[in-house]
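Novice: Provided below are the primary sequence and the corresponding predicted coordinates.
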Amino acid sequence: MFVRCFKPNLRESVLFFHRFKSTLVIVEHDNQKLVPITLNTITAASKLGEVSCLVAGTKCTKVVEEVKKVNGVKKVLLADNDVFKGFLPEALTPLIIATQKQFNFTHILVGASSLGKSLIPRVAAKMDVAPISEIIGIKDKDTFVRTIYAGNAVLTLKSRDPVKLITVRGTAFEAAAMGGSASSENAPSVDVKNTLSEFISQQLSKSDRPELTSARVVISGGRGMKNGENFKLLYDLADKMNAAVGASRAAVDAGFVPNDMQIGQTGKIVAPDLYIAVGISGAIQHLAGMKDSKVIVAINKDPEAPIFQVADFGLVQDLFKAVPEMTALVSKK
Ligand SMILES: Cc1cc2nc3c(=O)[nH]c(=O)nc-3n(C[C@H](O)[C@H](O)[C@H](O)COP(=O)(O)OP(=O)(O)OC[C@H]3O[C@@H](n4cnc5c(N)ncnc54)[C@H](O)[C@@H]3O)c2cc1C
């Protein structure tokens, strides 16, 4: 009697391995272009296996063309439908679940932005798996690194869930470069009926300055700025340095500036080449959002301010004297 054993050849093994570890990145975009954190997410996803991307939106084919050119992307899936207006988690979740079912993705990643933070917990709950939030490292296909306690401790976790649902901290991974040539096809067609939420409108702050989370230079003001008008000092300096302007939560809570400028544990996470903290004391919740910056400069009139403990360069001076002087010096160049 002959017994036929299944012994995959090398090609079959490689195919199986790839299928087993295929990864889906949810693309964040505004229907015109992708949001930079997606490029960092693609880099993270590349560490896990073959990368496909899902572009869900309304009249968003331009985004598909852009994503196809990102290095490391194999396939782009498009779901173009009015129901995805506003990118509501309630509408996107059934699509993501159907896409996962059809392609057997083992990992689903999205940037840890407002979109990712609202979407992943919902998808995870529907799939009955645990979401893995804001990873900063990948050890292997099951093991991920993230910070806890406002960045004061680093946790390595192993997930045994069959599908890993992950948000990625953009600043922890390089942005994927352009130069790829992925294929594209339609995502599974799903009859999405979102009766739970409705997109009404959105108001986005417009600025000619670089976007906070991807800017190479960030200048942030704190309670020491005293009021919103004084932030003009920072805008003037920022415009000379092609910098983005951020703020501490105290400055936001006091109404000096809008809350999309907040940096920290409950705001945005940034890691620019240069971070200039002006009139900011350096509370741990603020440091959680900027301490990975490559060079940190602090301007504070209090020599004991904790921000000086993380600063590479510190200037103990009144900001109302220091900042205009800096602007004048930079203008001379
Ligand atoms: C759960 C939780 C989450 C939080 N999340 C965040 C967050 O995401 N981001 C965040 O920033 N904070 C956050 N906070 C708040 C945080 O604890 C601090 O209260 C806040 O960061 C303080 O902001 P600040 O440094 O601007 O103000 P302050 O601590 O009041 O510091 C102002 C600084 O300005 C200096 N100063 C004043 N005048 C001048 C001058 N003329 N020239 C030079 N220096 C001057 C002072 O010496 C002082 O050091 C959070 C808190 C909690 C509890």
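Specialist: Thanks, I have the structure now.
Novice: can you name the element that comes right after the longest strand anywhere in the chain?
Specialist: Selection of the longest strand in the chain by residue count, based on DSSP state E, yields strand 131-140. The first helix or strand that comes after strand 131-140 along the chain, using DSSP states H and E, is strand 143-148.
Novice: in that following strand, which residues are buried?
Specialist: By neighbour count on 16 or more other Cβ atoms under 10 Å, the buried set for strand 143-148 is Phe144, Arg146, Thr147. For the C-beta atoms, the positions are set from N, CA and C on the backbone; glycine is no exception.
Novice: ok, stretch 214-228 next?
Specialist: Residues of stretch 214-228 classed as buried: Ser214, Ala215, Val217, Val218, Ile219, Ser220, Gly221, Gly222, Arg223, Gly224, Met225, Lys226 (neighbour count, 16+ other Cβ under 10 Å).
Novice: what's the first helix or strand after the helix or strand the fifth one falls within?
Specialist: Pointing back at Ile219 there. Per DSSP H and E, Ile219 falls inside strand 217-221. As assigned by DSSP H and E, the chain's next helix or strand after strand 217-221 is helix 231-241.
Novice: do that next one and the ligand meet?
Specialist: No - counting by Cβ under 6 Å from any ligand atom, the ligand is not contacted by helix 231-241; separation bottoms out at 10.7 Å.
Novice: now what about that helix, what contacts it?
Specialist: For helix 231-241, the external contacting residues (Cβ atoms under 8 Å, 6 or more residues apart in numbering) are 209, 217, 219-221, 225, 243-245, 247, 256-257, 276, 278, 319-320, 323-324, 326-327, 330-331.
Novice: may I see the PyMOL selection of the buried members of those residues?
Specialist: The following PyMOL line selects those of the contacts of helix 231-241 that are buried, judged by 16+ other Cβ under 10 Å:
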select buried, resi 209+217+219+220+221+225+243+244+245+247+256+257+276+278+319+323+326+327
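Novice: can you list which of the contacts of helix 231-241 are found in helices?
Specialist: Among these, the residues falling in helices (DSSP state H) are Leu319, Phe320, Val323, Pro324, Met326, Thr327, Val330, Ser331.
Novice: could you dump those to a markdown table with distance to the ligand?
Specialist: Putting these into a markdown table (distance: Cβ to the nearest ligand atom, whole Å) gives the following:
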| residue | distance to the ligand |
| --- | --- |
| Leu319 | 4 |
| Phe320 | 6 |
| Val323 | 9 |
| Pro324 | 12 |
| Met326 | 13 |
| Thr327 | 15 |
| Val330 | 19 |
| Ser331 | 21 |
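Novice: model confidence over the longest strand of the chain, on average?
Specialist: Averaged over strand 131-140, pLDDT sits at 97.
Novice: Ala44 touches Thr167, doesn't it?
Specialist: No - under the criterion of Cβ atoms under 8 Å, Ala44 is not in contact with Thr167, lying 10.0 Å apart.
Novice: need the overlap of contacts for those two.
Specialist: Common neighbours of Ala44 and Thr167 (Cβ under 8 Å, 6+ apart) are Leu109, Ile135.
Novice: ranges for the strands of the protein?
Specialist: Counting by DSSP E, the strands of the chain are 23-26, 51-57, 73-80, 107-111, 131-140, 143-148, 153-158, 164-168, 183-186, 217-221, 244-247, 274-278, 295-300, 313-316.
Novice: in the longest one, what counts as buried?
Specialist: Of the residues in strand 131-140, Pro131, Ile132, Ser133, Glu134, Ile135, Ile136, Gly137, Ile138 count as buried by neighbour count, 16+ other Cβ under 10 Å.
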